[in-house]
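Novice: What follows is a predicted protein model with its sequence.
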Amino acid sequence: MRVPMSTVSPLPHLFNVLVVDDDEDSVESLAFCLQQEGRVVRCAMSGEEALAMAETFTPHIALVDIFMPRLDGHALAQQLRRRFGTSTVLVAVTGAVRSVDLGTFDFQLTKPVNFVRLEELFEHAQQRAGFGARRPGA
C-alpha cells in the first residue's frame, strides 16, 4: 500500500508529525501507522524536502533519520530548531545500536521503531504543545 508522501489535513488543530527518512519503506510504514492513530503526517525523503515542507507545515514532533545523504539528520535538526524553537520535539531515528550524539535532538529512537516508546514521546510532545496526555481520538 502506497502512503502519500504529503498528507494535507483540513483540520489544522490536529497533532502534526513530520517523518523524514531516505528509505521509502520506512517512511511509508511509519506514516501509515501514525495516520491510523489520527495524526496529521507529512513525509519527506530528504532533509531538503523536509525544510521545504517546514515553510507551510509546523510539526509538533519530527521523526528524523540521522544518516541521510546531502543534508543529514543533525544538520536538518539544527535548522528545524532554529525555525520552530523548542515547540517542536525533535527525535533522532537511527539504525545504530548504540546511542548517538543527540546534539540538537530531544530524544532518540532505534530502528525498528518501538511503538510503545514512540507513544511515550508523542505524549511528551502533546504536553509540550498544550494537548495534555490524551491521544488523538481518545
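Specialist: Received the coordinates, thanks. Residues are numbered from 1 along each chain as shown.

Novice: Could you use CA atoms for every contact and neighbour count after this?
Specialist: Will do.

Novice: quick one, strands of this protein?
Specialist: Under the criterion DSSP state E, strands of the chain are mapped to 16-20, 40-44, 61-65, 89-94, 107-110.

Novice: now, of those, which is deepest in the fold?
Specialist: Highest mean neighbour count among these (mean count of other C-alpha atoms under 10 Å): strand 61-65, with a mean of 27.

Novice: any idea how far the closest residue to residue 23 other than its chain neighbours is from residue 14?
Specialist: Of all residues not flanking residue 23 in the chain, residue 45 sits nearest, at 7.1 Å (C-alpha to C-alpha, 6 or more residues apart in numbering). Separation of residue 45 from residue 14 (C-alpha to C-alpha, to the nearest Å): 23 Å.

Novice: Equivalent analysis for residue 35, please.
Specialist: 11 Å.

Novice: Repeat that for residue 124.
Specialist: 16 Å.

Novice: For those two, indicate the residue with more neighbours.
Specialist: residue 124 (17 against 14; other C-alpha atoms under 10 Å).

Novice: Contacts only, for residue 19.
Specialist: 27, 30, 31, 41, 42, 43, 44, 62, 63, 64 (C-alpha atoms under 8 Å, 6 or more residues apart in numbering).

Novice: number of nearby residues for the residue nearest to residue 23?
Specialist: Neighbours of residue 45 using other C-alpha under 10 Å come to 17.
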